[in-house]
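> here is my input, please return the structure:
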Amino acid sequence: MGRGRSQFVGTAGQYYVAYCLSIREKHAVTTMGNAPDVDIIVAAPNGSKTLSIQVKTSRYAHRPNRYGYELREWDVGPSAPDLAHDNLWYAFVDLQEEETQETPAWKPKVFLVPSRWVANFVQKDWSRKMFLLRREAWPLCEEKWDRIDAYFRDEEETLKWCHNVPEEAKDWS
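Next comes the predicted model:
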């Protein structure tokens, strides 16, 4: 994908996350841009609970040395500092696309992150709203699809994960 095609990158990320949810037997509906801060709605199998997901996708989010840290970064948009809800999560997708590849030969990585983490990190006065996820925080959210079932079951550990921002994910600038 060439430069200037960000809508295709974003759409690819949304469909990839919907695919990942579907193969895990989750009811996932894309909003097709009709909800400003929600890209996918996921429902518990019995319909008793829902989870909203905002998808942010990068062709290559990995930064081996940014601000002295190994991290991944994504643009999150101006509303991010105001969105801190336990039932709203981000799915940060790193397509891991190499600039030299003509044919995709990579497997995207998905980081499921509670919106409270993002709202805590991103500052309202930043001109560009970016979420930076340090390597230390990756094990807390990388490919953690089981967190969705745990959320639907109201498991205490996952509810705490949604509500509390760990030190590894706090603003460190």
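> run a quick neighbour tally on the nearest residue to residue 147 once chain neighbours are set aside.
Sequence neighbours aside, residue 158 is the residue nearest to residue 147 in space, at 5.4 Å (criterion: CB to CB, 6 or more residues apart in numbering). For glycine as for every other residue, the C-beta is placed from the backbone atoms N, C-alpha and C. Neighbours of residue 158 under the rule other CB atoms under 10 Å: 20.
> residue 158 and residue 146, how far apart?
Distance of residue 158 to residue 146, given as CB to CB, to the nearest Å: 9 Å.
> rewinding a little: show me the contacts for the residue nearest to residue 147.
Neighbouring residues of residue 158 by CB atoms under 8 Å, 6 or more residues apart in numbering: 147, 150, 151.
> give me the three-state assignment for the last one.
Assigned with DSSP: H, G, I helix; E, B strand; the rest coil, residue 151 falls in the helix class.
> was I right about it contacting residue 160?
No. Counting by CB atoms under 8 Å, residue 151 stays clear of residue 160, with 11.2 Å between them.
> look at the two and report which has more neighbours.
Taking other CB under 10 Å, residue 151 and residue 160 do not tie; residue 151 has more neighbours (22 against 10).
> buried ones in the strand or helix carrying the residue nearest to residue 147, by neighbour count?
Assigned by DSSP states H and E, residue 158 belongs to helix 156-163. Using 16 or more other CB atoms under 10 Å as the test for burial, helix 156-163 gives 158, 161, 162.
> what's the closest non-adjacent residue to residue 165?
residue 120 (4.6 Å).
> distance of residue 69 from residue 170?
Taken as CB to CB, the span from residue 69 to residue 170 is 13 Å.
> try residue 40
For residue 40 relative to residue 170 (CB to CB), the value is 26 Å.
> compare neighbour counts for those two and give me the winner.
Comparing residue 40 with residue 170 by other CB under 10 Å, the one with more neighbours is residue 40, at 22 against 12.
> tally up the residues packed near residue 52, please.
Counted with other CB under 10 Å, residue 52 comes out at 18.
> for the strand or helix carrying it, give the mean pLDDT please.
Here residue 52 sits within strand 50-58, counting by DSSP H and E. Averaged over strand 50-58, pLDDT sits at 97.
> can you list the strands that the helix or strand just after it pairs with?
Sequence order places strand 62-66 as the next helix or strand after strand 50-58, per DSSP H and E. The strands that strand 62-66 pairs with in its sheet are strand 69-75 (antiparallel) (by DSSP bridges).
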